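J.: Need coordinates for the below:
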Amino acid sequence: MPNYSKFEEFLKTQNDSINLKFSEIENIIGKITPSAYEHKAWWSNSPSHPLMKVVLKNGWRSSNINLEEKTISFYKGTSKKIETKKIEVVVTPKENNINKSNSNNKICVITACGNKKESIALPAWKIYKSSRIKAVHKRKNDEDMYILSAEHGLLPSEKIIEPYNRLIDEKRVQELIPKIEPIIKKYDKVIYFKAGARKLYEDCLNTVCEKTGVEIESFGFGFMGGINELENRIIEAKGGKIRKKIVKEKREEIIRMNNCEWLHNLLEDLPLLRYPFDIEKLPDNGVYFFYEKGELHGHNSKDKPRIVRVGTHREGNFKSRMKDHFIFNDSKMNFNQNQSPPHDRSIFRTNLGRAILNKSNSKYLKIWNTDFTTKKNREELSHLRNIKFEKEIETKVTKLLHENFSFKFLIVEGEEGRIGSKGIESKLIGTLSHCEKCTSSKRWLGNHSPVSKIQNSGLWLYQHLADEPISESDKKELLELVKITKNWINLQLK
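T.: Below you'll find the predicted structure:
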């Protein structure tokens, strides 16, 4: 098994460019896959192959790939100023605008399936209720389109299928790989729009493309970010020339990722609180950031925890919000058939319980999702409850929070500045959800959540995920909030 991290160490010792034989690379990292000797795509400037992922991450690029002589060159990529404004690509598909060397490339466009489906048999692109799939279908031009399905593998977008209920997992990925290979082999390049899909789908395609030597270009962020680039990427893959003009659009993904790293760094100096903590030493108002054991961010310091949830509260309710999450008073566990359980007062607890139940395929999930704070539900549905079982799940949730979660906070006064689409909470969530480097671990409990937005985002959240990230003016405000919070904490210690 090659150790690609050794090549990263090797690059750090080099100057601006190097020429290497394939055998020299194997001396550094170990034996590489046979497809690297057969396909130029393995060495292309795409992070779909493991070695090039390391190369690109460190600011290098490949060139002069010679399969006959088994040699390759690497050079340090030049840095370009990133604009926060966006581009729309306008293409005139005239014959003389096509690069003849690429014009015969056979391209296919792929995106992952969606969780919600229609209740009747329909063409694949219509049966999923996902706006992402419909948007890809609209922009695929005349290229073949497939939907990567946990049930069917690669589905032609026009194939009529019945509704089904199956989630992807690592075992299923391994089962799908040999089924997908013969289809992928028919193409010169795969364009995969990955926004809004679990990473397992991308991993599946990357494995198949590496084995077959087919080039793959993956892009997209958040839930629909980058969709307007799809047609242009298809035309570029076919050798088309493009002309760009500036229009209003969403920010570039790299800007979002930098914002996420900036946010994690900003909070580093704030104290990390774990249970048990003194609830009375919390402020009256603020925004809190939850961290989870085993979940690390993907920025420069990869051994540091990543934020898995951002939350806030109504005016003056910070302390009571934390009590609802952590359960400081055992009396809250003494609920009966006609009283609401603790998780009805905390969506965080609700989501943790959902994942626990769904992981074990429990049929009690429907009852857990019922809000018993309403009189109507208590009167009409209480007879369906199993209070003993509910208390067992509530106890597991409490234990999880006490043992696996910690949090930091910023003092933020003014409810309007905290909550909703105009508050700082939504921008913080948008910043985290659009960062590709901060992904969930394979063991993350949220991978078992029945809520697809939680699975896909790697966050214990499903609101504000598509919202805009923090701006430069927001950063200035957050810097000031950190100062205010540190001063407040210092006063508490005196």
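J.: Centre of the chain to the helix ranked longest in the chain, how far?
T.: Determined from DSSP state H, the single longest helix within the chain is helix 472-493. Its chain's average C-alpha position is 29 Å from that of helix 472-493, according to Cα atoms, centre = their mean, to the nearest Å.
J.: ok, now stretch 217-236?
T.: That offset, for stretch 217-236, works out to 16 Å (Cα atoms, centre = their mean).
J.: Start and end of it, how far apart?
T.: 11 Å (Cα to Cα, to the nearest Å).
J.: Ok, stretch 34-49 next?
T.: So stretch 34-49: terminal residues 13 Å apart, Cα to Cα.
J.: remind me which residues of this structure are low pLDDT?
T.: Where the chain drops to pLDDT under 70, the residues are 48, 77-103, 222-224, 240-257, 301-302, 493-494.
J.: which residues sit against the longest strand that the chain contains?
T.: Scanning the chain for the strand with the most residues, using DSSP state E, yields strand 287-296. By Cβ atoms under 8 Å, 6 or more residues apart in numbering, the residues outside strand 287-296 that reach it are 267, 272, 302-312, 318, 321-322, 348, 403-410, 412, 418, 424-425, 428, 440-441, 443-444, 458, 460. From N, CA and C alone the C-beta is placed, and that goes for glycine too.
J.: In the longest helix of the chain, which residues are buried?
T.: Neighbour counts over helix 472-493 (16 or more other Cβ atoms under 10 Å) mark 474, 478, 481-482, 485 as buried.
J.: so can I have a markdown table of those residues showing distance to residue 359?
T.: Listed next are these as a markdown table, based on distance: Cβ to Cβ, whole Å:
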| residue | distance to residue 359 |
| --- | --- |
| 474 | 36 |
| 478 | 36 |
| 481 | 37 |
| 482 | 37 |
| 485 | 36 |
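J.: circling back: each with direction, which strands does the helix or strand following the longest strand of the chain pair with?
T.: Downstream of strand 287-296, the first helix or strand assigned by DSSP states H and E is strand 305-311. Strand 305-311 has its sheet partners listed here by DSSP bridges as strand 287-296 (antiparallel).
J.: buried residues in the partner strand?
T.: For strand 287-296, using 16+ other Cβ under 10 Å, the buried residues are 287-292, 295-296.
J.: Figure out how far the longest strand of the chain is from the centre of its chain.
T.: Distance, centroid of strand 287-296 to centroid of chain: 15 Å (Cα atoms, centre = their mean).
J.: for stretch 147-156, same thing?
T.: With Cα atoms, centre = their mean, you get 20 Å for stretch 147-156.
J.: And for stretch 369-376?
T.: 32 Å.
J.: now swap in stretch 122-132 and tell me
T.: Distance, centroid of stretch 122-132 to centroid of chain: 21 Å (Cα atoms, centre = their mean).
J.: Tabulate the CA atom coordinates of that stretch in CSV.
T.: Extracted C-alpha coordinates of stretch 122-132, given in CSV (Å, rounded to 0.1, in the frame of the first residue of the first chain):
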residue,chain,number,x,y,z
LEU,A,122,-40.9,7.6,-12.9
PRO,A,123,-37.7,8.3,-14.9
ALA,A,124,-34.8,8.3,-12.5
TRP,A,125,-34.2,12.1,-12.7
LYS,A,126,-37.9,12.8,-11.9
ILE,A,127,-38.4,10.2,-9.1
TYR,A,128,-36.1,12.0,-6.7
LYS,A,129,-37.4,15.2,-5.2
SER,A,130,-33.9,16.6,-5.2
SER,A,131,-33.7,20.0,-6.9
ARG,A,132,-30.0,19.2,-7.4
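J.: Can you give the contact residues for that stretch?
T.: Residues contacting stretch 122-132 (Cβ under 8 Å, 6+ apart): 111, 113-118, 121, 133-134, 136-137, 145, 147, 149, 155-161, 163, 193, 195-197, 223-224, 227.
J.: Quick check: PyMOL command selecting the buried ones in the residues you listed.
T.: In PyMOL, a selection of the buried entries from the contacts of stretch 122-132 looks like this (16+ other Cβ under 10 Å):
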select buried, resi 111+113+114+115+117+133+136+137+145+147+149+155+156+157+161+193+195+196+197+223+224+227
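J.: Tell me which of the contacts of stretch 122-132 fall in strands.
T.: 111, 145, 147, 149, 155-156, 160-161, 193.
J.: Identify the farthest-apart pair in these.
T.: 160 and 193 (22.4 Å; Cβ to Cβ).
J.: Let me see the ranges of the helices in the stretch 301-450 of the chain.
T.: In the stretch 301-450 of the chain, the segments counted as helices under DSSP state H, counting those that start in this stretch are 318-326, 347-359, 365-368, 375-381, 387-404, 415-418, 424-433.
J.: ok, and what's touching the first one?
T.: Okay, so that is helix 318-326. Residues outside helix 318-326 that contact it (Cβ under 8 Å, 6+ apart): 275, 279-280, 282-286, 288, 311, 313, 329, 342, 345-346, 348-349, 398, 401-402, 409.
J.: Also compute the angle for it relative to strand 287-296, please.
T.: Orientation note: helix 318-326 sits at an angle of 30 degrees relative to strand 287-296 (axes from the mean of the first three to the mean of the last three Cα atoms, to 10 degrees).
J.: ditto for the fifth one
T.: An angle of 80 degrees separates the directions of helix 387-404 and strand 287-296 when computed by the same axes, to 10 degrees.
J.: For helix 387-404, which helices and strands make contact with it?
T.: strand 287-296, helix 318-326, helix 347-359, helix 365-368 (3 or more Cβ pairs under 8 Å, 6 or more residues apart in numbering; DSSP states H and E).
J.: at 6 Å what do you get?
T.: helix 347-359 (3 or more Cβ pairs under 6 Å, 6 or more residues apart in numbering; DSSP states H and E).
J.: Give the buried residues for the helix it packs on.
T.: Those buried within helix 347-359 under the rule 16+ other Cβ under 10 Å are 347-358.
J.: and if you look at stretch 420-438?
T.: 423-436, 438.
J.: residues touching residue 307, list them.
T.: 289, 432 (Cβ atoms under 6 Å, 6 or more residues apart in numbering).
J.: er, residue 299 I mean
T.: Applying Cβ under 6 Å, 6+ apart, the residues near residue 299 are 261, 437.
J.: Please apply the same query to residue 342.
T.: 327, 332, 394.
J.: Surely residue 284 touches residue 316?
T.: Yes: in this structure, residue 284 is within contact of residue 316 by Cβ atoms under 6 Å, at 5.0 Å.
J.: Give me the common contacts of those two.
T.: In contact with both residue 284 and residue 316: no residue, using Cβ under 6 Å, 6+ apart.
J.: Which stretches in the stretch 1-150 of the chain count as strands?
T.: Assigned by DSSP state E, counting those that start in this stretch, the strands in the stretch 1-150 of the chain fall at 17-21, 60-66, 71-76, 86-90, 107-112, 122-123, 144-149.
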